[in-house]
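S.K.: What shape does this take:
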Amino acid sequence: MKLYGIKNCDTVKKARAWLTERGLSVPFHDFKSDGVTLTLIESWEKAVGWETLVNRKGTTWRKLSEDTKNAIIDATAANRLIIENPSLIKRPVLELGGRVHLGFSIEIYEELFKSV
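M.R.: Take a look at the predicted model:
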C-alpha cells in the first residue's frame, strides 16, 4: 500500500488527512521531491489507462501549448509528457491490494479501506 502525489495538492492533503484520521499509516511518495520513473508511470497507465492518468483539469495541463496537448494521442506520448511534468498525473495515486486508484473521495476510500 502506498500513496503518491504532491504534498501541496489540496486533494492529496484531503486523502492524507482522511487516512491519518482513521489511524492508517500509508507511506507517501511526493512526485516533486522523490521523483517518478517511467516504469512506475507505465504500470499506472496499464492499470487505469493513459486517458485517465493525465489530469486535464489542472493548472499544469492548462499551461501547456495547444500543440503539446494535441500531441498526446497515445500512451507513449502521454507517458513521455508525464515524465517531463509529473504534476500532470491525476492525484492522488493509491496503490492498494495490487490495484491502482486515482483521485480521492470519502465514499470511494471508505469502500477501499473497509477490509483493511
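
S.K.: Please pull out the lowest mean pLDDT helix or strand from the chain.
M.R.: Counting by mean pLDDT, DSSP states H and E, the chain has its least confident helix or strand at helix 31-34, which shows a mean of 92.

S.K.: Touching it from outside, list them.
M.R.: 4, 5, 6, 7, 8, 86, 87, 89 (CB atoms under 8 Å, 6 or more residues apart in numbering). All C-beta spots, glycine's among them, are computed from the backbone N, C-alpha and C.

S.K.: For that helix, which residues meet the burial criterion?
M.R.: Applying a neighbour-count criterion of 16 or more other CB atoms under 10 Å, one finds residue 31 buried in helix 31-34.

S.K.: Please compute how far that helix lies from its chain's middle.
M.R.: Remark: helix 31-34 is offset 12 Å from the chain centroid, using CA atoms, centre = their mean, to the nearest Å.

S.K.: With just CA atoms, put it into PDB.
M.R.: Below are the C-alpha coordinates for helix 31-34, written out as PDB (Å, rounded to 0.1, in the frame of the first residue of the first chain):
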ATOM      1  CA  PHE A  31       6.400  13.400  -7.100                       C
ATOM      2  CA  LYS A  32       8.200  16.800  -6.600                       C
ATOM      3  CA  SER A  33      10.800  15.700  -4.100                       C
ATOM      4  CA  ASP A  34      11.000  12.000  -4.700                       C
END
